[in-house]
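Undergrad: Show me how the following folds:
(one chain, ligands or ions: 1)
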Amino acid sequence: MTPDVIHRLVYLSTAVGVLRADELDRIWLRARAANAAAGVTGLMLFHQGVFLQVLEGPAAGVASLFERIRRDRRHANLTILESGPVEERAFANTPMTYISARNLSSGEKQALTDLHAAVTARPGLPALAGPGLSRFLAAFSLRTA
Ligand SMILES: Cc1cc2nc3c(=O)[nH]c(=O)nc-3n(C[C@H](O)[C@H](O)[C@H](O)COP(=O)(O)O)c2cc1C
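TA: This next block holds a predicted model:
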């Protein structure tokens, strides 16, 4: 049997208003259930109003989840950093690993802030989907393995 092609979508967005920890937890719990049902795994980071989310799984599952997520009014300015087939999942172990700001190291927070600043300064910059992003994600992939 041919293994299903895995699609990865990575985006950045900014929170609208102040999102409290319990609301973020609710988003995450909901995401875990819905994503597991769709065969989607991934990562969600949040720091200083910036979200980075990775969705990995069958293309149709990723696309329909992202359609729902992009309409969510709790965030805006969604910028896709990567979208396409990958050899394997970087976050295979859980439907959605959520790492909140208090569990990010200062280096990780800085990296997220820098990524967001780069995207804001140069929207659509394709280089962001290159080695810089891969290295950034690889560090989290190891951490959640
Ligand atoms: C930053 C962010 C990430 C989200 N990630 C997911 C996710 O991975 N999976 C999911 O089902 N919902 C996610 N949600 C919630 C969805 O946007 C949506 O509220 C939820 O799926 C319920 O959709 P419905 O009201 O159309 O049923 C996320 C929301 C935000 C703000």
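Undergrad: Tell me how many other residues crowd Tyr11.
TA: 21 (other Cβ atoms under 10 Å). The way it works is simple: take the backbone N, C-alpha and C, and place the C-beta from them, glycine included.
Undergrad: Provide the secondary structure category for it.
TA: Three-state call for Tyr11 (DSSP: H, G, I helix; E, B strand; the rest coil): strand.
Undergrad: wait, it sits on Leu78?
TA: Yes - between Tyr11 and Leu78 a contact is recorded at 5.3 Å, counting by Cβ atoms under 8 Å.
Undergrad: For Val16, give me its contacts.
TA: The neighbourhood of Val16, defined by Cβ atoms under 8 Å, 6 or more residues apart in numbering, consists of Arg73, Arg74, His75, Ala76.
Undergrad: Which ones among those lie within helices?
TA: When DSSP state H defines the helices, the subset of the contacts of Val16 inside them is empty.
Undergrad: Any of these buried? List them.
TA: Neighbour-count burial (16 or more other Cβ atoms under 10 Å) applied to the contacts of Val16 gives His75.
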